[in-house]
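**Student:** Sequence first, predicted model second:
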Amino acid sequence: MKLAKKYFLYLVRWQLSTPILAIVLKLLSNMSTLWATIIANLIGGLIFFWIDKIIFKKKSDVPLWEIEDEVECHDCHKKTKGYRIVSWGNYDRTEDKHPQFRCKECSIKKMNTISK
Ligand SMILES: [Zn+2]
(Lines give C-alpha, C1' and ligand atoms only; values in the text may rest on other atoms or scores of the structure.)
Protein backbone atom coordinates (compact mmCIF):
# COMPACT_ATOMS: atom_id res chain seq x y z
CA MET A 1 0.00 0.00 0.00
CA LYS A 2 1.32 3.44 -0.94
CA LEU A 3 2.15 5.77 1.97
CA ALA A 4 -0.32 8.49 0.87
CA LYS A 5 -3.15 5.91 0.73
CA LYS A 6 -2.15 4.54 4.13
CA TYR A 7 -2.03 8.05 5.56
CA PHE A 8 -5.50 8.83 4.19
CA LEU A 9 -6.93 5.57 5.58
CA TYR A 10 -5.34 6.32 8.92
CA LEU A 11 -7.00 9.76 9.05
CA VAL A 12 -10.39 8.20 8.12
CA ARG A 13 -9.85 5.59 10.84
CA TRP A 14 -9.27 8.35 13.40
CA GLN A 15 -12.57 9.93 12.39
CA LEU A 16 -14.29 6.56 12.89
CA SER A 17 -13.17 6.60 16.49
CA THR A 18 -14.97 9.94 16.99
CA PRO A 19 -18.55 8.53 17.23
CA ILE A 20 -17.39 5.75 19.59
CA LEU A 21 -15.70 8.28 21.83
CA ALA A 22 -18.75 10.60 21.71
CA ILE A 23 -21.28 7.81 22.45
CA VAL A 24 -19.28 6.31 25.31
CA LEU A 25 -18.58 9.70 26.87
CA LYS A 26 -22.31 10.54 26.63
CA LEU A 27 -23.33 7.18 28.18
CA LEU A 28 -20.79 7.56 30.97
CA SER A 29 -21.49 11.24 31.58
CA ASN A 30 -22.24 10.58 35.25
CA MET A 31 -18.70 9.26 35.63
CA SER A 32 -15.65 11.45 36.03
CA THR A 33 -14.32 12.70 32.66
CA LEU A 34 -11.01 10.93 33.30
CA TRP A 35 -12.58 7.49 33.88
CA ALA A 36 -15.07 7.90 31.03
CA THR A 37 -12.18 8.77 28.67
CA ILE A 38 -10.13 5.79 29.87
CA ILE A 39 -13.05 3.43 29.19
CA ALA A 40 -13.80 5.06 25.80
CA ASN A 41 -10.15 4.67 24.77
CA LEU A 42 -10.13 1.06 25.97
CA ILE A 43 -13.15 0.28 23.78
CA GLY A 44 -11.56 2.14 20.86
CA GLY A 45 -8.30 0.25 21.36
CA LEU A 46 -10.06 -3.12 21.34
CA ILE A 47 -11.67 -2.28 17.99
CA PHE A 48 -8.97 -0.28 16.23
CA PHE A 49 -6.06 -2.57 17.05
CA TRP A 50 -7.42 -4.90 14.33
CA ILE A 51 -8.14 -2.12 11.86
CA ASP A 52 -4.67 -0.58 12.35
CA LYS A 53 -3.13 -4.00 11.89
CA ILE A 54 -4.69 -4.18 8.42
CA ILE A 55 -3.71 -0.59 7.54
CA PHE A 56 -0.08 -1.09 8.57
CA LYS A 57 0.35 -4.58 7.24
CA LYS A 58 3.51 -4.77 5.19
CA LYS A 59 3.25 -6.52 1.87
CA SER A 60 6.46 -7.45 0.19
CA ASP A 61 6.83 -7.39 -3.59
CA VAL A 62 9.67 -9.88 -3.37
CA PRO A 63 9.46 -13.19 -1.49
CA LEU A 64 10.94 -13.32 1.99
CA TRP A 65 12.71 -16.67 2.39
CA GLU A 66 13.66 -18.62 5.49
CA ILE A 67 16.47 -21.15 5.08
CA GLU A 68 17.23 -24.08 7.38
CA ASP A 69 20.40 -26.17 7.18
CA GLU A 70 19.11 -29.70 7.77
CA VAL A 71 15.45 -30.49 7.09
CA GLU A 72 13.27 -33.12 5.47
CA CYS A 73 11.61 -31.75 2.34
CA HIS A 74 7.83 -31.52 2.87
CA ASP A 75 7.15 -32.83 -0.66
CA CYS A 76 9.88 -35.35 -1.62
CA HIS A 77 11.17 -36.12 1.93
CA LYS A 78 14.81 -35.69 0.89
CA LYS A 79 17.09 -34.66 3.79
CA THR A 80 18.65 -31.42 2.64
CA LYS A 81 18.97 -27.68 3.09
CA GLY A 82 15.40 -26.38 3.37
CA TYR A 83 13.71 -23.31 1.98
CA ARG A 84 10.34 -21.74 2.60
CA ILE A 85 8.67 -18.47 1.65
CA VAL A 86 7.61 -16.64 4.81
CA SER A 87 5.69 -13.86 3.08
CA TRP A 88 5.14 -12.60 -0.42
CA GLY A 89 2.32 -10.18 -1.33
CA ASN A 90 -0.91 -11.67 0.03
CA TYR A 91 0.82 -14.95 0.90
CA ASP A 92 1.68 -14.75 4.59
CA ARG A 93 3.02 -17.63 6.70
CA THR A 94 4.65 -15.39 9.32
CA GLU A 95 2.57 -16.89 12.13
CA ASP A 96 2.78 -20.46 10.81
CA LYS A 97 3.06 -22.88 13.75
CA HIS A 98 4.24 -25.75 11.52
CA PRO A 99 6.34 -24.19 8.75
CA GLN A 100 6.94 -26.43 5.74
CA PHE A 101 10.47 -26.47 4.39
CA ARG A 102 11.29 -27.87 0.96
CA CYS A 103 14.40 -28.83 -0.95
CA LYS A 104 15.63 -26.38 -3.59
CA GLU A 105 13.72 -28.07 -6.46
CA CYS A 106 10.43 -28.48 -4.58
CA SER A 107 10.62 -24.93 -3.16
CA ILE A 108 10.88 -23.55 -6.70
CA LYS A 109 7.80 -25.58 -7.72
CA LYS A 110 5.97 -24.28 -4.64
CA MET A 111 7.08 -20.72 -5.40
CA ASN A 112 5.54 -21.01 -8.89
CA THR A 113 2.17 -22.01 -7.38
CA ILE A 114 2.26 -18.99 -5.07
CA SER A 115 3.24 -16.46 -7.73
CA LYS A 116 0.27 -17.43 -9.96
ZN1 LIG B 1 11.82 -31.85 -2.30
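**Tutor:** Right, received. Where do you want to start? Numbering: from 1, shown residues only.
**Student:** switch to C-alpha atoms for all contacts and neighbour counts from now on
**Tutor:** Fine.
**Student:** burial count for Gly82?
**Tutor:** Residues lying near Gly82 (other C-alpha atoms under 10 Å) number 22.
**Student:** who does it bridge with?
**Tutor:** Note on Gly82: beta-bridge partners by DSSP bridges are Glu68.
**Student:** For this structure, give me the ranges with low pLDDT.
**Tutor:** 1, 116 (pLDDT under 70).
**Student:** Give me the distance between the closest residue to Ile114 other than its chain neighbours and the ion.
**Tutor:** Distances taken as C-alpha to C-alpha, 6 or more residues apart in numbering place Tyr91 nearest to Ile114, at 7.3 Å, with adjacent residues excluded. Tyr91 sits 20 Å away from the ion, going by C-alpha to the ion, to the nearest Å.
**Student:** same thing with Leu27?
**Tutor:** When Leu27 is compared with the ion (using C-alpha to the ion), they lie 61 Å apart.
**Student:** Any chance of the backbone angles for that residue?
**Tutor:** phi -60, psi -40 (degrees, to the nearest 10).
**Student:** so how far is Ala40 from it?
**Tutor:** 10 Å (C-alpha to C-alpha, to the nearest Å).
**Student:** partner residues bridging the residue nearest to Ile114?
**Tutor:** Beta-bridge partners, per DSSP bridges, of Tyr91: Trp88.
**Student:** Quick one: neighbours of it, just the number.
**Tutor:** 14.
**Student:** got it, and the one 3 residues further on?
**Tutor:** By the criterion of other C-alpha under 10 Å, Thr94 has 11 neighbours.
**Student:** Leaving out chain neighbours, which residue sits closest to it?
**Tutor:** The nearest residue in space to Thr94 (C-alpha to C-alpha, 6+ apart) is Val86, at 5.5 Å.
**Student:** Flag every buried residue along the helix or strand hosting that neighbour.
**Tutor:** Assigned by DSSP states H and E, Val86 belongs to strand 79-88. For strand 79-88, burial by neighbour count (16 or more other C-alpha atoms under 10 Å) applies to 80-88.
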